[in-house]
Structure formats: structure tokens, C-alpha cells
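*Asks:* I'll drop the sequence and a predicted model, then ask my questions.
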Amino acid sequence: MDKSVIIQLAEKYRNWGRWGPEDELGTLNFVTPEKVTRACSLVKKGRVFSLAIPFDATGPQHPSPTNRRFNPIHVMLRTGGDAFAQGEPPIMASSDDMVSMPLQCATQWDSLAHVFYRGTMYNNRPATLVTGTGAEKNSIDRTKDRMAGRGVLLDVARHKGARWLEPGYAITAQDLDDCARRQRVQVEQGDFLLVRTGHQTLCRSRGDWGEYAGGDAPGLSLMTVPWLHEKEVASVASDTWGVEVRPNEVPDVRQPWHAVVIPNLGLAVGEIFHLDELAEACAADGVYEFLFVAPPIPITRAVGSPVNPMAIK
């Protein structure tokens, strides 16, 4: 593939103006109150699965010239020992702490201000609206009450009979259709689609993250864009660092799938989701749909947010 494929997909499947000139939600508009109500009815057992990895110093980031992100740094501001600093401890004392981290260093959502296409972000807004003080439009806080609805897991690795897909494997639309058919689940308008590649399973089997952050990985092919547009999903999240296949399919464009789906489709994208425990439960009961709840932290003008997504069966 070359850059012409990106341009063709971006212009053909663009959602600019679809929900009006002021829209900052993109495909999250597909999540209606009726769909949320229906999603709530999917809870049968009350089993809750956290889809977040730990936010700590052992995370997947390794800073490099192409990756400025680092793992969370946790610092205590007050400790239990401080209660004894003045001698006899008071009736009430407390501890306090803080975290310093990039908002997209672990399980996280990208906002629609995160990626630009030819100097433009979602809904035909100039990239210059993202300044040193943050994003004037398309920031993550706009979605604070929208990340809830029907979740669907497509366990592509299990469908392929593998513990994990090999790095560099490009998941096709046919793979997604075949996986859904085998799991007896339909991907519908407004769904929060979770795609499991098993890449985190591979990392755990090796005992370290390795080149997980920014390295080669299985993921969605650029040619899944028509499928995603047709299905009208609300979001796509995966267990990899960047959802799309790496090495990238257009060699001279970094993250070409991102360049199409975020600024053009207005697709909500989630990365570094932990899906293994949910996948085991879905395989055991044969049910691959559930209530999905994953609100971002409403950080004003931010272009991403850490999240602890929940799948409730």
C-alpha cells in the first residue's frame, strides 16, 4: 500500500458534518439511550471484569526518540510514619499521594484531538486548535458520559486456534466476520468492539513487555476501515499498544489506520486493554456480549485519558 490508499479511505469514509458542524463525539453518537438500556439487560451473573493493566513503574513504556511516554511515577506526599512525627499520634491522621504520568501510558482512550490528518482533526477542525494549553475542540472530557453500552469481544487469537497472533499479522475484515460467526455474536451499530490479539499473553509468557510499546504487533489492517464504517461501531479497543498492525502497512506513514479512523471517521479508539480474563469467561459460557462501562477521566482539554474499563456479564 501507499499514501494514495490512506487518502482514498479518508475521503470516502469521512464522517465530517454527519452529526452537525459542532459535533465533537464522532461515532459515539451511535450510542443511543435505547442501546444503553438494552446493554444493561445483558447483565446475567453480575461478574465484573476490569480491562485495565496496572498503572505502575513496571508498565509497558520504554522512552525512545519515537516514544516520549514513560510509566507512571507514584510518590507519597504523606505516609503513616508522618502520624508519629510530633510524638504521640493524633486521633486522626491521613496519608496522601500523587502520580505523574502521560495520560496515554497504560490502558487509555484516544480523544478525537489526538491524531491529525493533513493538519486537520475530526469534523474539519484545524490542528492548531490543539495548543500548549490543550485542545479547544474534540478533547476527551467531551466524552465523559458516553463510554457505556453494549460491548462485544472478538477473540481473533482464539478463533485462529492460537494463544496469540504473531507480531505483524494484519487482521482483516474477513477475520472479524469469521470470528463473529464462530462466536455466534453480531457486531451492531453503537457497539464498543474489543479485539483480542493475545499480544499481552505473549508478553507475559516471556516475562517482560519487551518491544510492546511501539514495536511490531498484530492488529487491524488499514483495509478494515470500510467494515468499521459499515458496522457503525461506537469504538474499537484492543490489547495492543496501537490497535493497528505493526509494522505499518504503509511504510512511510506512521499509524496509517489511526490517520483515517480518528480524524476522519471520528472513531473512539482504546489501547492497551487487558482482555485475557474476559476472553476466558466468554469462551467458558459462550457469551461474547456484555455491558461495557469505561468513562474517561474528564481532564479539561486533554487529548487522551487513562481508564479502568469494566465488562459486566
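*Replies:* Noted; the coordinates are in hand.
*Asks:* could you pull out the helices for the protein?
*Replies:* For the chain, the helices defined by DSSP state H occupy 3-12, 33-40, 156-159, 173-183, 199-206, 225-231, 256-260, 276-285.
*Asks:* What is the second one packed up against?
*Replies:* Judged by 3 or more Cβ pairs under 8 Å, 6 or more residues apart in numbering; DSSP states H and E, the packing partners of helix 33-40 are strand 148-155, strand 289-293. C-beta coordinates here come from the backbone N, C-alpha and C atoms, glycine included.
*Asks:* average model confidence for that helix?
*Replies:* The average pLDDT for helix 33-40 rounds to 98.
*Asks:* Not counting that helix itself, show me its contacts.
*Replies:* Contacting residues not belonging to helix 33-40 are listed as 148, 149, 150, 151, 189, 190, 291, 292 [Cβ atoms under 8 Å, 6 or more residues apart in numbering].
*Asks:* C-alpha coordinates for it, CSV please?
*Replies:* Output in CSV follows, covering the C-alpha atoms of helix 33-40 (Å, rounded to 0.1, in the frame of the first residue of the first chain):
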residue,chain,number,x,y,z
PRO,A,33,-30.3,5.7,25.3
GLU,A,34,-32.2,2.8,23.9
LYS,A,35,-28.9,1.0,23.2
VAL,A,36,-27.6,1.6,26.7
THR,A,37,-30.9,0.3,28.1
ARG,A,38,-30.6,-2.8,26.1
ALA,A,39,-26.9,-3.2,27.1
CYS,A,40,-27.9,-3.2,30.8
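*Asks:* Report the buried residues of it.
*Replies:* 35, 36, 39 (16 or more other Cβ atoms under 10 Å).
*Asks:* before we move on, what about the last one?
*Replies:* When burial is assessed from 16+ other Cβ under 10 Å, helix 276-285 yields the following buried residues: 276, 278, 279, 281, 282.
*Asks:* The nearest residue to the last one once chain neighbours are set aside and residue 184: what is the separation?
*Replies:* Taking Cβ to Cβ, 6 or more residues apart in numbering, and ignoring the residues beside it in sequence, residue 282 has residue 288 as its nearest neighbour in space, at 4.8 Å. From residue 288 over to residue 184 the distance is 8 Å, taken as Cβ to Cβ, to the nearest Å.
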